[in-house]
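> Need a 3D model of the sequence below.
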Amino acid sequence: MLNLEGYEDFAILDSKNLIVSFHQCKCINAPKNYTTECQVMSDKHEYWKFYNMLSPDYDKMYFHTNQNNTYDCGISNYIYNTPNGLCSPKQISKLINNEISVLCHQRNLAGSATTKQNRLINILIKHIEYLHEEQISTQQDMFDIACANPIPFSELIKVLEIDNDDLTMEEKARTCRHHIILEMHSRLLTCLKLNGTKVVDFMKELDTLDDYSLIQFVRRLFPDEDILNSHIDSISIKSKDRADYLFNTINDVTDLIDYTSFDWERTVDKVKQSPSTLGSNKSPEEFCPLIVRNPYSNDIRRDYRWIVGDIKHKVDDIDVVANCYTSILGINYAHITQPQKVGLLDINSKNHGNY
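Sure thing, here's the model as predicted:
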């Protein structure tokens with residue numbers, strides 16, 4: 001465990017809260033004789049040794065500093081992985097990042113070393129804030145509060161092992177929108193067959209959606225995935241291909257989207273169709289069981305007859321196909337609690353009214 005502001009500037013503890021090592025941190029302009037401070041540190045060591053608070057794995061006492069100082073009482077200068085073994089303020093961040101990178105390589109941990117570093121720093125900041133807030137609210141001595149509240153290494157290890165950003169659903173939806181618009185802007189520069197301003201208009205309107213509306217629409221765009229409960233680094237949420245399929249759908253469908261509801265509706269019979277990011281990377285039949293199994297596809301299955309995508313061909317009923325793939329029971333569409341019949345619609349079929 002890591003103890004801050006208790007036994008020393010910080011101390012390393014074992015699983016039984018016994019002290020493994022003491023650490024002081026000094027950042028100064030020039031080398032200094034720390035004999036007096038070393039004696040105080042040594043006295044603390046003897047005090048805790050008398051009360052059997054030293055771990056069987058006890059190491060030693062360290063000074064962390066940016067200078068070659070004078071020490072006493074068996075205290076050692078902590079040796080950093082730098083040419084002179086010291087650490088200047090501007091080197092700290094890089095050294096931490098390097099250590100995390102090495103650890104990730106050794107243990108095959110996924111994710112960004114910089115992101116992991118920022119999370120670790122955030123834990124320390126919040127912990128210091130907590131200690132001081134406790135001192136203010138309880139009027140206890142900081143030493144007692146700090147010693148009673150070390151940071152378990154398991155909390156630090158957890159931060160190193162996770163590889164996704166801890167974002168809210170709203171933040172994930174905004175992130176998804178950002179990558180969709182970013183890729184669409186890129187396609188505008190290379191697409192030779194732009195059909196008017198439909199894509200540009202779509203991006204402008206998409207950018208205006210409030211969080212609630214955006215969440216609902218993003219779920220419609222990815223009917224085959226529980227996209228907003230996925231890792232932010234999941235393939236789909238930042239997928240260039242999925243954004244390209246949506247670009248093609250918006251650009252190539254002849255009808256103009258109704259931006260009050262972000263969908264199409266056939267005038268003669270009010271049949272509603274929703275755009276999607278489904279594409280030709282899979283056969284349309286492969287999407288069917290994924291959509292049926294996705295709990296967040298219920299809204300689109302209730303409100304829409306067709307899901308339009310840049311797919312190879314039309315599928316009249318996703319439930320029938322899903323049943324063939326997975327033995328899912330058939331749906332009684334006449335029952336009020338059941339979703340309506342939903343199919344997948346390719347761009348060509350939509351444009352020719354073949355639905």
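
> Low-confidence ranges, the stretch 201-350 of the chain, go.
230-235, 325-339 (pLDDT under 70).

> quick one, helices of it?
211-221, 240-252, 284-293, 298-303, 318-326, 347-351 (DSSP state H, counting those that start in this stretch).

> Identify whichever of the ones you listed lies nearest to I28.
For I28, the closest of these is helix 211-221, at 49.0 Å, according to Cβ to Cβ. From N, CA and C alone the C-beta is placed, and that goes for glycine too.

> Of all the helices of the stretch 201-350 of the chain, which one is nearest E129?
Per Cβ to Cβ, nearest to E129 of the helices of the stretch 201-350 of the chain: helix 211-221, 28.0 Å.

> Which strands or helices does the helix or strand hosting R177 pack on?
Per DSSP states H and E, R177 falls inside helix 169-188. Judged by 3 or more Cβ pairs under 8 Å, 6 or more residues apart in numbering; DSSP states H and E, helix 169-188 is in contact with helix 198-206, helix 211-221, helix 240-252.

> circling back to that earlier point, Serialize the helices of the stretch 201-350 of the chain to JSON lines and add fields for distance to S55.
Below are these laid out as JSON lines (distance: least, Cβ to Cβ, whole Å):
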{"stretch": "helix 211-221", "distance to S55": "50"}
{"stretch": "helix 240-252", "distance to S55": "52"}
{"stretch": "helix 284-293", "distance to S55": "51"}
{"stretch": "helix 298-303", "distance to S55": "55"}
{"stretch": "helix 318-326", "distance to S55": "56"}
{"stretch": "helix 347-351", "distance to S55": "68"}
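
> would you list these in TSV and tack on mean neighbour count and distance to N229?
Listed next are these as TSV, based on neighbours: other Cβ atoms under 10 Å; distance: least, Cβ to Cβ, whole Å:
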stretch	mean neighbour count	distance to N229
helix 211-221	19	10
helix 240-252	21	17
helix 284-293	20	13
helix 298-303	16	14
helix 318-326	18	21
helix 347-351	17	29
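
> before we move on, the earlier item: Y78 is nearest to which of the helices and strands packed on helix 169-188?
That would be helix 240-252 among the helices and strands packed on helix 169-188, by Cβ to Cβ, at 45.9 Å.

> Now do the closest one: everything it contacts.
Applying Cβ atoms under 8 Å, 6 or more residues apart in numbering, the external contacts of helix 240-252 come out as 179-180, 182-184, 187, 191, 193-195, 198-199, 202, 221-222, 236, 257, 275-281, 308-310, 347, 351.

> L290 touches I227, doesn't it?
No. If you go by Cβ atoms under 8 Å, L290 and I227 don't touch, sitting 11.5 Å apart.

> any idea how far the nearest residue in space to K193 that is not next to it in sequence is from P83?
Spatial nearest neighbour of K193, excluding adjacent residues (Cβ to Cβ, 6 or more residues apart in numbering): N251 at 7.6 Å. Between N251 and P83 the computed distance is 57 Å (Cβ to Cβ, to the nearest Å).

> Ok, S280 next?
Distance of S280 to P83, given as Cβ to Cβ: 56 Å.

> so the helix holding R177 versus helix 211-221, what angle?
60 degrees (axes from the mean of the first three to the mean of the last three Cα atoms, to 10 degrees).

> buried set for the helix or strand encompassing I121?
Per DSSP H and E: I121 is located in helix 113-138. Neighbour-count burial for helix 113-138, with 16 or more other Cβ atoms under 10 Å as criterion, is recorded at 113, 115-117, 119-120, 123, 127, 131, 134-135.

> Check which helices and strands it is in contact with.
Secondary-structure packing of helix 113-138 (3+ Cβ pairs under 8 Å, 6+ apart): strand 2-4, helix 92-107, helix 142-148, helix 153-161.

> chain center to it: distance?
For helix 113-138, the gap between its own C-alpha mean and the chain's C-alpha mean amounts to 19 Å (Cα atoms, centre = their mean, to the nearest Å).

> List the beta-bridge partners for the closest residue to W264 other than its chain neighbours.
Once flanking residues are discounted, W264 sits nearest to Q273: 4.5 Å by Cβ to Cβ, 6+ apart. Counting by DSSP bridges, Q273 is bridged to W264, W306.

> quick one: Q273 and I307 touch, right?
Yes. When contacts are counted by Cβ under 8 Å, Q273 is listed as touching I307 (7.4 Å).

> which residues are common contacts for those two?
Residues touching both Q273 and I307 (Cβ under 8 Å, 6+ apart): L345.

> more neighbours, the two?
Between Q273 and I307, I307 has the larger neighbour count (other Cβ atoms under 10 Å), namely 27 against 21.

> measure that one to E46 for me?
Distance from I307 to E46, by Cβ to Cβ: 74 Å.
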